[in-house]
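A.B. asks: pasting the structure only:
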């Protein structure tokens, strides 16, 4: 009996490897291919939300006739973004409920995740259309909830990035790779620190050209202090995390600081780039497209990284175990739907945002800054926690 089951699994794995990607997509046999379809749905929802916000009155004039749209005011602009976000969130939340806890491949829930695309496209379209029929007060409530959901997404993404950095460091410092990767690690760490310092210097030049730019000076200087703090803790003898992890974390922190300052609204004398981008040009459009694609890629990469949230070490996975957590994958996309809404409306449901801009406004700036500080706190805790727990165990044993 067991031999028959094993033979059946081997045959299915053979089909999985040998079939072309279209055949796997059609036959619901490739969960890896399914990820890209879900990412495509997410991207289309992003583009639809942007179109409703920037070109809604010209592209969707029929919406103005809907009862809940109040002449277009309730279905276009910021509220239109929230409605598209609600439809996208509802779709991925339904997928989360229907696939969470799927342990193995080749069962009905695995087939539902990897196939049934006609049905799922219909569900997604129906939920998106239904979101424009929802009364405005409900959309306003959803907008408030979306602030929390977007914060959860940022936290999940933060933990995923830190886990990847620590995994890379552990891999390079393992007994198997330590000697072979020593030079590469030093070069990578040195390059990371050089880029961090150059980035900080350039931010002083671009965003703090005058002594009166106290807020930007504080943001940049505090980022430099945090970089020094992470390095000092990482090099402590009891932690011994070498230069690689604080260097890569420094890159992440400097990048967040740069994004935060760039989010400052136009008209601020300390943000010359915001003033220069006050007029829509090709550079503004390219920046918007890159930011949109980066958000989709970040959601996609975080969604498949469920391993960093498994707090208990498990045995080696079974041969037919799912390649990634389906429920976690859809949960990340559901919170990502709330996150893209916040970016497109500047984290303010009553904020009027310019065309071809994303994540602009003082609320966006402070969300980024708090995210930066939280990233440093989580990283330092991941370094210090094992030392504290070890010390407590030693004290208890004594």
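C.D. replies: Received, thanks. Keep in mind the model is a prediction, meaning the values are calculated, not measured. Numbers count the residues shown, from 1 in each chain.

A.B. asks: so what's the closest residue to residue 181 other than its chain neighbours up against?
C.D. replies: Counting by CB to CB, 6 or more residues apart in numbering, residue 181 lies nearest to residue 172, which is 4.4 Å off, once chain neighbours are set aside. C-beta here means a position set from N, CA and C on the backbone, and glycine is covered the same way. Counting by CB atoms under 8 Å, 6 or more residues apart in numbering, residue 172 touches 178, 181, 184-185, 244.

A.B. asks: out of those, which sit inside helices?
C.D. replies: The helices, defined by DSSP state H, take in 178, 181, 184-185, 244 from the contacts of residue 172.

A.B. asks: doesn't the residue nearest to residue 181 fall inside a helix?
C.D. replies: Yes: assigned with DSSP: H, G, I helix; E, B strand; the rest coil, residue 172 falls within a helix.

A.B. asks: roughly how far does it sit from residue 235?
C.D. replies: Relative to residue 235, residue 172 is positioned 16 Å away (CB to CB, to the nearest Å).

A.B. asks: same question, residue 346
C.D. replies: Residue 346 is 39 Å from residue 235, by CB to CB.

A.B. asks: my guess is residue 203 meets residue 220, correct?
C.D. replies: Yes: using CB atoms under 8 Å, residue 203 makes contact with residue 220 at a distance of 4.9 Å.

A.B. asks: re the thing from before, any figure for the gap between the residue nearest to residue 181 and residue 302?
C.D. replies: 23 Å.

A.B. asks: again, but for residue 133
C.D. replies: Residue 133 sits 31 Å away from residue 302, taking CB to CB as the criterion.

A.B. asks: got it, and residue 244?
C.D. replies: Distance of residue 244 to residue 302, given as CB to CB: 22 Å.

A.B. asks: next: residue 350.
C.D. replies: In this view, residue 350 and residue 302 are 29 Å apart by CB to CB.

A.B. asks: which residues of the stretch 251-398 of the chain score low on pLDDT?
C.D. replies: 266-269, 271-284, 287, 303-320, 351-352, 393-398 (pLDDT under 70).

A.B. asks: which residues in it form helices?
C.D. replies: Using DSSP state H, counting those that start in this stretch, the helices assigned to the stretch 251-398 of the chain run over residues 272-276, 282-303, 326-344, 362-397.

A.B. asks: among those, which comes closest to residue 193?
C.D. replies: Distance to residue 193, taken as CB to CB, is lowest for helix 362-397 among the helices of the stretch 251-398 of the chain, at 15.8 Å.

A.B. asks: which strands or helices does that closest one pack on?
C.D. replies: Applying 3 or more CB pairs under 8 Å, 6 or more residues apart in numbering; DSSP states H and E, we find helix 362-397 packed against helix 136-173, helix 214-234, helix 244-262.

A.B. asks: if we go to 10 Å?
C.D. replies: Judged by 3 or more CB pairs under 10 Å, 6 or more residues apart in numbering; DSSP states H and E, the packing partners of helix 362-397 are helix 136-173, helix 214-234, helix 244-262, helix 326-344.

A.B. asks: how close does the closest residue to residue 354 other than its chain neighbours get to residue 367?
C.D. replies: Distance criterion CB to CB, 6+ apart; nearest residue to residue 354, sequence neighbours excluded, is residue 360 at 7.3 Å. The gap separating residue 360 from residue 367 is 12 Å, by CB to CB.
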